[in-house]
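Trainee: fold the following.
(2 chains)
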Amino acid sequence: MSDAFRKGARAGWADFLPMSVGLIPWAVVTGIAMRSIGLSPVEAMGMNLIVYAGTAQLGTLPLIATGAPLWLIFVTALVLNLRFVIFSAAIAPAFHDHHWARRVSASYLLVDGVFAVGADKMLGAREPEWRWGYFIAPSVWCWCLWQVFVLVGVLGAEIVPRDWSLEFMVTIALMLLMIPMARTRPMLLAAVAGGLGAVLLRDLPLRLGLFAGIAIGIASGFVAEHWQTRRAER
Amino acid sequence: MSDGLTLWLTFAAIGVTTLMTRGSFIMLGEKARLPAALHRALRYAPAAALSALVVPDILLDGGQLQPLNPKLLAAVVVVVVALRWRNPWLPFILGMGVLIALRKGLGW
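Mentor: Numbers count the residues shown, from 1 in each chain, chains lettered A, B, ... in the order given. Presented below is the predicted three-dimensional model:
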């Protein structure tokens, strides 16, 4: 372990530590939510280890619960994870001078929080080992925290009575992910159009209404942003 | 719910989307760039997808539009609480509380 790596690791961990506490309720709720649709503790922790993406886990639970076809679950997870393409594109230069094994682990570990806190510093740092330390320390910390508190939720779900409609926790969690996104008007429009589109087109075959809704939502947001910038330019 | 092998296959498929999206540009290396228009459109994907999952769940009951139902009222409470207070547990506690009270207390 080089000195630069250790310095980077310490800096990254210190920057991320305060916000990592915010993960705890999410992890606990995700654990309970996975159990609420009938996954066993082993299945729930298996999903948590394999997927390691809270939004995609929570978003696909209602589909898994109703026995939706695999392709539908796959495409839904893909859409929910699409934001990572943006993160990946933004942070990629920080990994260009690293070995592929490191890039593969970064592909598994890159989460919203670490990206939000550390992307700028990583892109600005010239020393590769410092950069790697700065990324990997908070990422591994985040992974451990997530696994431990999901396990707390998974085991804690046992003590909640069966008839408490716990599956509604999934809906609450998805709403809470959505609320901070809807701060700008185009984003709010994308959400409203996506939701109403999915409701109005619910009778389409193969549950295509879900994707039609998503497509309508993305298009609405995109067009609204376009108009907004055009108006601002005038 | 699907079980056994199908379930683990499902997890693997969802896991693939995590690796594919997070890894996309990190694995592609230096040459790849994300086109600006695509970048802008992608930003709307999560909000649109989350809403397309949530809204039918709180507005429909057995495939029928049900403008007044316990889930919708609980959802309204969740939104108000989340906008008003910063406590991360509160929306879950109050949202679940309202739903359970309406369903079990009032038999709705």
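
Trainee: I figured A:I218 hits B:A45, correct?
Mentor: Yes: the pair A:I218 / B:A45 is scored as a contact, 5.7 Å apart, by CB atoms under 8 Å. For the C-beta atoms, the positions are set from N, CA and C on the backbone; glycine is no exception.

Trainee: low-scoring stretches of chain A, by residue?
Mentor: Residues of chain A that meet the criterion pLDDT under 70 lie in A:206.

Trainee: next up, identify which helix or strand the residue nearest the centre of it is on.
Mentor: What sits nearest the mean C-alpha location of chain A, by CA atoms, centre = their mean, is A:T55, with 4.2 Å. Element membership for A:T55 (DSSP states H and E) is helix A:54-65.

Trainee: CA atoms only: put that helix into CSV for me.
Mentor: C-alpha atoms of helix A:54-65 as CSV (Å, rounded to 0.1, in the frame of the first residue of the first chain):
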residue,chain,number,x,y,z
GLY,A,54,-31.2,0.1,-3.8
THR,A,55,-33.4,1.8,-6.4
ALA,A,56,-33.3,-1.1,-8.8
GLN,A,57,-34.0,-3.5,-5.9
LEU,A,58,-37.0,-1.6,-4.6
GLY,A,59,-38.3,-0.8,-8.1
THR,A,60,-38.3,-4.4,-9.2
LEU,A,61,-39.9,-5.9,-6.0
PRO,A,62,-43.5,-5.2,-7.1
LEU,A,63,-42.8,-6.9,-10.4
ILE,A,64,-41.1,-9.9,-8.8
ALA,A,65,-44.0,-10.1,-6.4
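
Trainee: in it, what counts as buried?
Mentor: Across helix A:54-65, burial judged by 16 or more other CB atoms under 10 Å in any protein chain shown covers A:G54, A:T55, A:A56, A:Q57, A:L58, A:G59, A:T60, A:L61, A:P62, A:L63, A:I64, A:A65.

Trainee: got a list of what the second one touches?
Mentor: Just to be clear, that refers to A:T55. A:L80, A:N81, A:L177, B:P46, B:L50 (CB atoms under 8 Å, 6 or more residues apart in numbering or on different chains).

Trainee: neighbours around the second one, how many?
Mentor: Per other CB atoms under 10 Å in any protein chain shown, the neighbour tally for A:N81 reads 25.

Trainee: just give me the neighbour total for the nearest residue to it once chain neighbours are set aside.
Mentor: Among residues not flanking A:N81 along the chain, B:T21 sits closest, at 4.2 Å (CB to CB, 6 or more residues apart in numbering or on different chains). Applying other CB under 10 Å, we find 26 residues neighbouring B:T21.

Trainee: give me the element B:T21 is part of.
Mentor: Counting by DSSP H and E, B:T21 is part of helix B:4-28.

Trainee: where exactly do the helices run in the chain?
Mentor: You didn't say which chain, so I picked chain A. A:3-20, A:23-36, A:41-51, A:54-65, A:70-81, A:83-91, A:100-109, A:112-124, A:128-156, A:168-178, A:185-200, A:208-233 (DSSP state H).

Trainee: right idea, wrong chain: chain B
Mentor: Using DSSP H, the helices found in chain B span residues B:4-28, B:36-42, B:45-59, B:70-84, B:90-100.

Trainee: can you add mean pLDDT and give the ones you listed back as a markdown table?
Mentor: Shown next, in a markdown table, are the helices of chain B (pLDDT from 0 to 100):
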| stretch | mean pLDDT |
| --- | --- |
| helix B:4-28 | 95 |
| helix B:36-42 | 87 |
| helix B:45-59 | 91 |
| helix B:70-84 | 95 |
| helix B:90-100 | 93 |
